[in-house]
Structure formats: C-alpha cells, structure tokens
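> sequence isn't available, so here's the structure alone:
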C-alpha cells in the first residue's frame, strides 16, 4: 500500500506519495496529477492517506525550516529511461544555492547535444522539488520553465540563496 500526505509550505501545498521510505512522487499540483504520471504498476496500487510519512515528512519539514540539504536524505524512484535517470541523478548533485544550465546538465549526463532531452527530463521530473529541477536554468542565467510556475521556482532559488 502506498502512502500519501500533504504539507503546507511557503510555496504552496506539497503533495507526497511514497512506498514506505521511498518517495515516488512530489509536487505542488495535487495527488491526481502526480498519480496520473506515476509508473502504472505503482498507480494501480492502493493508496492510504496519512498524517505524515516517516522520515520523508520530517526531512521535508527540515528543508523548509532552513536545512537546505535535508532533501539529500530522501530516497526516490520514478519511471524513466536511462538518460532521464542519469539527468535526475546529476540534478540531485547540484547543491542548494547553486544552479546549472540545461546545456551543462546535458553535457554531464553524457550528451552535450541533448539539451532539449535534458529539458524534457526536467519537465518530466515527478519528484520536485526533492529532485531539484528548479536549480536548472538557461545558459544566459534566465530562469527557464518550471512545472509549478516561475514564482515557485524563483521562491525556491531565493530561499536557497541562488538568487539575491
């Protein structure tokens, strides 16, 4: 059985879905949107609403209380091919307070010509902001897109110290 919960944050309500201590989905739009994008084997399982998810909820609270490295302690799993998995792994290495360009992300994922694919991996990231696609920006420094809106992306980057 999968667990689902939500947390009020300064950026909006953050919805979480987990399989025990493994986070499968996170985002600011609601459970229906998350579940629709999850692996079909997971989304077909039974869900239970809980007050909090052990470990994961505490780490989310710690992050929004100012421990910007708290998300590093959350184990995640999401569907996606080898390239997307590589991109998401690299995203998790971008520290709070720093950003990386889509071009650099593509290069580090092994294909510097795959900038659009790197952008697609950001767009399909099912575990935001824990897998920090908000830290990926355009080469010129412009913020680029964010599934939950530019205000949310800007707030997260400002909170982490990447924007003044």
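Now that the structure is in, tell me what you want to look at. Here the structure is a predicted model, which is why all the values come from computation and not from measurement.

> can you give me the distance of the most centrally placed residue in the chain to residue 122?
Nearest residue to the geometric centre of the chain (CA atoms, centre = their mean): residue 128, 1.9 Å. To residue 122, residue 128 is 9 Å away according to CB to CB, to the nearest Å. To be clear about C-beta, it is placed using only N, CA and C from the backbone, and glycine gets the same treatment.

> circling back: which residues does the residue nearest to the centre of the chain contact?
Residues in contact with residue 128 (CB atoms under 8 Å, 6 or more residues apart in numbering) are 26, 27, 28, 134, 147, 148.

> walk me through the domains of this structure.
Taking automatic domain parsing as the reference, the chain has its domains at 2-75, 80-160.

> got the end-to-end distance for the longest one?
Okay, so that is domain 80-160. 27 Å (CA to CA, to the nearest Å).

> what helix or strand is the nearest residue to residue 115 once chain neighbours are set aside on?
Closest residue to residue 115 apart from its sequence neighbours, by CB to CB, 6 or more residues apart in numbering: residue 106 at 4.7 Å. Under the criterion of DSSP states H and E, residue 106 resides in helix 102-108.

> picking up where we left off before, now do the residue nearest to the centre of the chain against residue 83, distance only.
From residue 128 to residue 83 the distance is 18 Å (CB to CB).

> one more: residue 99?
21 Å.

> looking at these two, which is more packed in?
residue 99 (20 against 17; other CB atoms under 10 Å).

> now do the same for the residue lying farthest from the centre of the chain: helix, strand or coil?
Here the chain reaches farthest from its C-alpha mean at residue 113, the gap being 23.6 Å by CA atoms, centre = their mean. Counting by DSSP: H, G, I helix; E, B strand; the rest coil, the backbone at residue 113 sits in coil.

> quick one, what contacts it?
Counting by CB under 8 Å, 6+ apart, residue 113 touches residue 106.
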